[in-house]
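Colleague: Build me a model from this:
(chains A, B and C)
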Amino acid sequence: MYKIAKDNLPKLYVALQNIGTLLLPCKNKSGHADFAPYREDAEIALDAPLTNRSAKDVFFPQVENLLTFKTSGKELALEQNVPPVGVTIVMGVRACDARSFKILDKVFLKAPVDTYYKTRREQCVLIGLGCSAPEETCFCHAFGIDAGAPETDVQTWLAGEELCWQAVTANGEELTAKLVDGGVLVEAAADAAAAVSEQQEHTQKILSVLPLHDFKVNDELTKDELKVFHSKIWEQLAAGCLSCCTCTYVCPTCHCYDIRDYQETEERTQRYRCWDSCMAKDFTLMAHGSPRKTKVERFRQRYMHKLVYFPENNEGEYACVGCGRCLQKCPVQLNIVKVAKALEKAEVKQDV
Amino acid sequence: MQKIEKLLQKRAAELLAEGTVERVLAWHAGEFFYDNAPAAVSSADECDKLVYNEFCPANLCKYLIETSHAGKKTAVFLKPCDTYGVNQLLKDNRIKRELVYAIGTPCSGMLDIKKIKAAGAKGIISVSVDGDEVVVNTAYGEKRLAKADVLLNKCLMCKGAAYKIADEELAEPLPVPQFTGDKFAKVKEIEAMSAEERFAFWQSELSKCIRCNACRDICPACSCEQCIFDKPDTPVAGKAYADEVEEQMYHIIRAFHVAGRCTGCGECARVCPQGIHLELLNMKFMKDINSFFGQYQAGADSETPAPQVSFKQNDPEANSAVEGREQHV
Amino acid sequence: MCNCQDTLIPQIGVVTDICTETADVKTFRVEKIGGGKLFEHLPGQCAILSVPGKGEAIFSITSSPTNEKYMEFSIKRCGSITNFLHFDIEPGQQIAGRGPYGNHFPVEDKLKGKDLLFIAGGIGLAPLRSVINYMLDKRDDYGSIDVVYGARSKEDFVRYDELTNVWPSQKDTRVHLTIDRAQEGWSGNVGFVPNFLKDLKFTPDKTVLLCGPPIMIKLCLAALIEMGFEKKQVYTTLELRMKCGVGKCGRCNIGKKYVCKDGPVFTCDELDEMPDEY
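Modeller: Reported below is the predicted structural model:
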């Protein structure tokens, strides 16, 4: 295990910035922490409990140009836009977000591989930060995620006056070696590991008294797709929903996208990919109508996908990591916990 | 408030059992006491699950549009500020009066969980109100906060306890937060800026926008059947912005569209996930309308036409309106 | 780092022929620049064609894979991209295309040796035509072929010449046409497809391939079941809005399936296991 004094963190940031593009939680204009490129004058908020969004836009940007078309008369030429070359380092990744990348991998790295995502993912080194002060909205434990041990290339913990650092993967070892050689990281004292364990235990203790400590998604829900689909409970659950799509925007595992053309000039068109939401009215709209005309159907689709369809296709893994962002951000307080609990009550326990 | 909650549950059950209404709009509890969600129930035996406490900020009147379309008579529990929205929806012909059963519900100000957390409360296990104090029981210990310090911004400018429309009142009114200042104070501050400073302020505020459209979706004055921003083939659908101007134009256009019909319920600013001060745009319009057309409060009743949709002989001419405005700057 | 062409990147092709079939259907012939097909495919698969500035849309490939020279798409105009294709392009226009996407009718295994009944309504013939021509090119691998095809009027049949002259002259191949309402100059059957099916009294030993408007599929399926067919011997192809074509963007997700990848060809008993959101 290595360490760096908290006061010396700026040195670490500069050293990382010299190795690749460094992204870490910084305060944005609204005062919320969000991943942003490192700048000396940025208001860094490494220990902010949760960023506004996960770092999914490192691999899956909100807007990404796929190709450029050039037209001249009847002729057409195209040029693929390739993602930039270069290492990206994301620091301060929480355990929930770290798992969410593995879920996104199951979508984008499944054949046929999405080369845009793959290129970015392979060039990225993730430095996780163990949680020390979970919120009541956290429920990563429901998905077997250890808040104190993010599944990243490097794990770090803010313990006392130090940042403790442990490489996990080969990429993590490589990065660590560079920092050790540069004198930025030093060997941690023997008691550092104990301090980290103490923090991890404390985190679990806090989680055990919070309201969602015993929340788990009932896996009976994935066993009868049509029964859950036809549940009478959806109407009631979706009643307050505004279809504003905020949940999709902040969710680390949401990955629906649209492909659109942007005509810059008569001769030049950009084809771009952008985030989209299955909750949006026009998501499944075709020239002659939409199979999901109502808000309730769209609401149902999002949660069925996360709680039933995705697990059915991925050995029982839910498309949720318990980060709690939907609990924090929904303007009308709807979220996946409420939905999962209501479904369990109505369809598994048959107690409406 | 617990007494009022019981009254609400009882009244909702009665109205459904009697068949006076087919549906009731109120709130359901969440996991944490502070995350109550708007809910619709249609049978008396579901009413014991309804809740009402200091965390029911949502203005439920917008959901009346759906039930009006479905032809179902709906009872809705309205705080005093929510009733303005109902009048506005009636004036805009979005809901039918005979399908609405408005129940005036006492309120003494709703609490802002964001302010409670900003005051340092984390790992919240439960929240309760004890007189003038908010008691937060957290995994890291108890925290006591003054209720006045953690009220929602919109409650700080409470328009008063009077219901502008009500078929009945659930209980005796509660004392509402007293507001004695100038509600346009912040607007005047911005008006006093130079044009460049003002531009920079708004550019900065509005660039936080992520186009979730929650502000539009919760606004009682935004009720177009087909919103101009929803047309999928137009670039203004905002899926992926080509530049920030679109986000900024969206808010300015929406403010224009609701001018004269905005009741100042404050929901738009409350629901914004990015914390944009949307209410300032709408308040600027309100201030201007007051000075050009005379003091006007949208939603105060369901008859008076809005200045923007009526013409009076002494309405200021466009030129004089602009000249008049120069004096405010 | 991966330099390979991503599956979302199309190739440039050229429209070499445009044939007006009906008032709102045209068949576009697309080739690689210099001749040949943009890519190989199997019957039932689709391609995503695009027009810069307008976007992409998925279309079933109506020509058979055994056609080595070009691919054909019979496209009904109903939206912004299809309207553009109909009105704003001429032969010689280059367009972009990518594919093939989706599963295909099991012409290599399950359908071999079977007696086949094709049922189509309107533009629904387009994907089935690929299968029919494929089978006619490999005639001895398949049993009898009956094609039941209904359209609003005589002018709404797609590929009329093929229907009346080419196919009926093939070995053990029959074409049964019907139109919705009586019309001068038409001496064939008049009536909706489901009723026509019952009149034709097919025996339930055939494998059915069915494609058309949703209501037609529903009623034909009911008629077939009445006639003793089982859902598992009826194949259909779904039409849904699809964007990526590779099961990632989420648009065509129904239940645990992605129509662009696990479909669009499904048997009717497979459809029963899916939520009915199509």
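Colleague: show me the contacts for C:Leu210.
Modeller: C:118-120, C:217, C:220-221, C:224, C:234-236, C:268 (CB atoms under 8 Å, 6 or more residues apart in numbering or on different chains). In short, each C-beta sits where N, CA and C put it, glycine included.
Colleague: Give me the pLDDT for the residue lying closest to B:Gly294 once chain neighbours are set aside.
Modeller: Once flanking residues are discounted, B:Gly294 sits nearest to B:Pro307: 7.5 Å by CB to CB, 6 or more residues apart in numbering or on different chains. Here, the pLDDT recorded for B:Pro307 equals 86.
Colleague: My read is that B:Pro307 contacts B:Asp288, right?
Modeller: No - counting by CB atoms under 8 Å, B:Pro307 does not reach B:Asp288; the two are 10.2 Å apart.
Colleague: Leaving out chain neighbours, which residue sits closest to residue 31?
Modeller: Reading this off chain A. Nearest non-adjacent residue to A:Gly31, counting by CB to CB, 6+ apart: B:Gly275, 7.0 Å away.
Colleague: let's do chain C instead
Modeller: Using CB to CB, 6+ apart, the nearest residue to C:Glu31 is C:Tyr70, at 4.6 Å.
Colleague: number of nearby residues for the one you found?
Modeller: 20 (other CB atoms under 10 Å in any protein chain shown).
Colleague: From C:Gly35, how far out is it?
Modeller: From C:Tyr70 across to C:Gly35, the span is 8 Å (CB to CB, to the nearest Å).
Colleague: Tell me the residues that contact both of those two, please.
Modeller: What both C:Tyr70 and C:Gly35 touch, as defined by CB under 8 Å, 6+ apart, is an empty set.
Colleague: just checking, which of the contacts of C:Leu210 belong to strands?
Modeller: The strands, defined by DSSP state E, take in C:118-120, C:234-236 from these.
Colleague: Between all of those residues, which two are separated the most?
Modeller: Greatest spacing in these, by CB to CB: C:Ala120 and C:Val234 (13.2 Å).
Colleague: Most proximal residue of chain C with respect to chain B?
Modeller: C:Ser80 (6.1 Å; CB to the nearest CB).
Colleague: Could you double-check that that residue lies in contact with C:Glu56?
Modeller: No - using CB under 8 Å, C:Ser80 is not in contact with C:Glu56; the gap is 11.5 Å.
Colleague: ok, the two, which is more surrounded?
Modeller: The residue with more neighbours, out of C:Ser80 and C:Glu56, is C:Glu56; 23 against 15, by other CB under 10 Å.
Colleague: for the more buried one, helix, strand, or coil?
Modeller: strand (DSSP: H, G, I helix; E, B strand; the rest coil).
Colleague: could you measure it against chain A, distance?
Modeller: To chain A, C:Glu56 is 6 Å away according to CB to the nearest CB, to the nearest Å.
Colleague: Repeat that for B:Trp27.
Modeller: Taken as CB to the nearest CB, the span from B:Trp27 to chain A is 9 Å.
Colleague: hang on, that residue in a strand?
Modeller: Yes - according to three-state DSSP, B:Trp27 belongs to a strand.
Colleague: Quick one: neighbours of it, just the number.
Modeller: By the criterion of other CB under 10 Å, B:Trp27 has 25 neighbours.
Colleague: residues contacting it?
Modeller: The neighbours of B:Trp27, taking CB under 8 Å, 6+ apart as the test, are B:36-39, B:50-52, B:56, B:58.
Colleague: go with 10 Å
Modeller: When contacts are counted by CB atoms under 10 Å, 6 or more residues apart in numbering or on different chains, B:Trp27 touches A:240, A:332-333, B:5, B:8, B:36-39, B:49-53, B:55-58, B:60, B:77.
Colleague: Kindly state the pLDDT recorded for the residue nearest to it when sequence neighbours are not counted?
Modeller: Spatially, and ignoring its direct neighbours in sequence, B:Trp27 is nearest to B:Asn36 (4.2 Å; CB to CB, 6+ apart). We note a pLDDT of 93 for B:Asn36 in this prediction.
Colleague: cool, B:Lys239 as well?
Modeller: B:Lys239 carries a pLDDT value of 64.
Colleague: quick one, what contacts the nearest residue to A:Val217 once chain neighbours are set aside?
Modeller: Counting by CB to CB, 6+ apart, A:Val217 lies nearest to A:Ala340, which is 4.9 Å off, once chain neighbours are set aside. By CB under 10 Å, 6+ apart, A:Ala340 lies in contact with A:139, A:142, A:215-218, A:221, A:303, A:306-307, A:318, A:320.
Colleague: In this structure B:Ala298 contacts B:Asn290, no?
Modeller: No - here B:Ala298 does not reach B:Asn290: they are 11.2 Å apart, not a contact under CB atoms under 10 Å.
Colleague: neighbour count winner among those two?
Modeller: B:Ala298 (25 against 14).
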